[in-house]
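Chemist: Sequence plus the predicted model coming up.
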Amino acid sequence: MLRTIVSGCFVALLLAGTGLADKPSASWLAVQIETARHGYLNARLVHQTQRGDVNEVFIWSRRLRDAELSAATDIGARIAACKEHLERIDAARPYVDLGGRRLDKGIELDHEYHDGERMLAQFDPHFKQALQAKMAVLEKLQGRWRAVQFERSGKPGERPEAEVFDIRGGMVHKRSEHRTGTITATAYIALNVEKEPMEIDLVGLNDDLAYVASGIVAVDGDRMRICLSHDREDRPTRFVSGRRDPYELFLLERVEREKAPEEP
């Protein structure tokens, strides 16, 4: 980075010497340095994105956002910088492998995403209101839930209690215990609390196997209904499961409570 900034200063002075910048002031020079720094950060972000190094994408996206916030001269630019950072993280999170020991990294990135949301909420009152509504719902979802009823494509599950959802922060760890073994999947949670019924999306990568589901959810105290489709183009609109509605329908009861991330 230092080499790029020094190069930016050299170019600025060179332009001054050629007459293209007659009177280079300190502020003008600062703009050239900041432009060079922004270009470097953006180039690094593009490079890591092309490499597919998701962890580095998060790091360089945050650095780019912070640089854009430092250079911002109005609230609109600050909001744009924060939104673009969240959009980049949203695009990268499905490629974070959450399998095995890598789960800790996924949790760390989930916390970073919520930090990004809180920063945007500082500048955007409309987003802050929406975020507070989402976090209030997420608080209600926290904890360990065990199914008391379970259907798939209209057929009741033999052992509904074998279906367990652990929700911590903005992530869910789903476990299905069967005679042949235990199937697990960890995913990030996305909620649309403005829809009725409320929409939920689960996206995760587990040991190179993708887990994707879209659905609807309703929570009432320690009971929750969730209807999921593994076809993202076919989201359920009702809490039903049948031959014509090939969805997974869960009626869950909370068996353990967990605290959600702090509200902004």
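Modeler: Thanks, I have it. Residues are numbered from 1 along each chain as shown.

Chemist: can you pull out the strands in the stretch 101-250 of the chain?
Modeler: For the stretch 101-250 of the chain, the strands defined by DSSP state E, counting those that start in this stretch cover 143-152, 155-156, 163-168, 171-178, 181-192, 198-206, 209-220, 223-229, 248-256.

Chemist: between the ones you listed, which gets nearest to residue 235?
Modeler: In terms of C-beta to C-beta, the element of the strands of the stretch 101-250 of the chain nearest to residue 235 is strand 209-220, at 4.5 Å. Any C-beta I mention is one placed from the backbone N, CA and C, and that applies to glycine too.

Chemist: I'd like the next helix or strand past the host helix or strand of residue 41.
Modeler: Using DSSP states H and E, residue 41 sits within helix 26-51. Downstream of helix 26-51, the first helix or strand assigned by DSSP H and E is helix 54-71.

Chemist: Specify the angle between the following helix or strand past that next one and strand 198-206 in degrees.
Modeler: Using DSSP H and E, the helix or strand that follows helix 54-71 in sequence is helix 75-92. With axes from the mean of the first three to the mean of the last three C-alpha atoms, to 10 degrees applied, the angle from helix 75-92 to strand 198-206 works out at 60 degrees.

Chemist: Just the C-alphas of helix 75-92, formatted as PDB.
Modeler: The C-alpha trace of helix 75-92 is given here as PDB (Å, rounded to 0.1, in the frame of the first residue of the first chain):
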ATOM      1  CA  ILE A  75     -24.200  11.300   4.500                       C
ATOM      2  CA  GLY A  76     -25.200   9.800   1.200                       C
ATOM      3  CA  ALA A  77     -21.600   8.700   0.400                       C
ATOM      4  CA  ARG A  78     -21.300   7.200   3.900                       C
ATOM      5  CA  ILE A  79     -24.600   5.200   3.400                       C
ATOM      6  CA  ALA A  80     -23.400   4.100   0.000                       C
ATOM      7  CA  ALA A  81     -20.100   2.900   1.300                       C
ATOM      8  CA  CYS A  82     -21.700   0.800   4.100                       C
ATOM      9  CA  LYS A  83     -24.400  -0.700   1.800                       C
ATOM     10  CA  GLU A  84     -21.800  -1.700  -0.800                       C
ATOM     11  CA  HIS A  85     -19.800  -3.400   1.900                       C
ATOM     12  CA  LEU A  86     -22.800  -5.400   3.000                       C
ATOM     13  CA  GLU A  87     -23.700  -6.300  -0.500                       C
ATOM     14  CA  ARG A  88     -20.100  -7.700  -1.100                       C
ATOM     15  CA  ILE A  89     -20.400  -9.700   2.100                       C
ATOM     16  CA  ASP A  90     -23.800 -11.000   1.100                       C
ATOM     17  CA  ALA A  91     -22.400 -12.200  -2.200                       C
ATOM     18  CA  ALA A  92     -19.400 -13.900  -0.600                       C
END
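
Chemist: by how many degrees do it and strand 181-192 diverge?
Modeler: Between helix 75-92 and strand 181-192, the angle comes out at 160 degrees (the same axes, to 10 degrees).

Chemist: between the strands of the stretch 101-250 of the chain, which gets nearest to residue 119?
Modeler: strand 181-192 (18.6 Å).

Chemist: Tell me the helices and strands packed up against that closest one.
Modeler: If contacts are counted by 3 or more C-beta pairs under 8 Å, 6 or more residues apart in numbering; DSSP states H and E, strand 181-192 sits against helix 103-123, helix 125-141, strand 171-178, strand 198-206, strand 209-220.

Chemist: For the ones you listed, give me TSV that also has mean neighbour count and mean pLDDT.
Modeler: Shown next, in TSV, are the helices and strands packed on strand 181-192 (neighbours: other C-beta atoms under 10 Å; pLDDT from 0 to 100):
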stretch	mean neighbour count	mean pLDDT
helix 103-123	17	85
helix 125-141	15	94
strand 171-178	17	85
strand 198-206	20	89
strand 209-220	17	91
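
Chemist: Need these in a markdown table (columns: distance to residue 246).
Modeler: Listed next are the helices and strands packed on strand 181-192 as a markdown table, based on distance: least, C-beta to C-beta, whole Å:
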| stretch | distance to residue 246 |
| --- | --- |
| helix 103-123 | 29 |
| helix 125-141 | 25 |
| strand 171-178 | 17 |
| strand 198-206 | 17 |
| strand 209-220 | 12 |
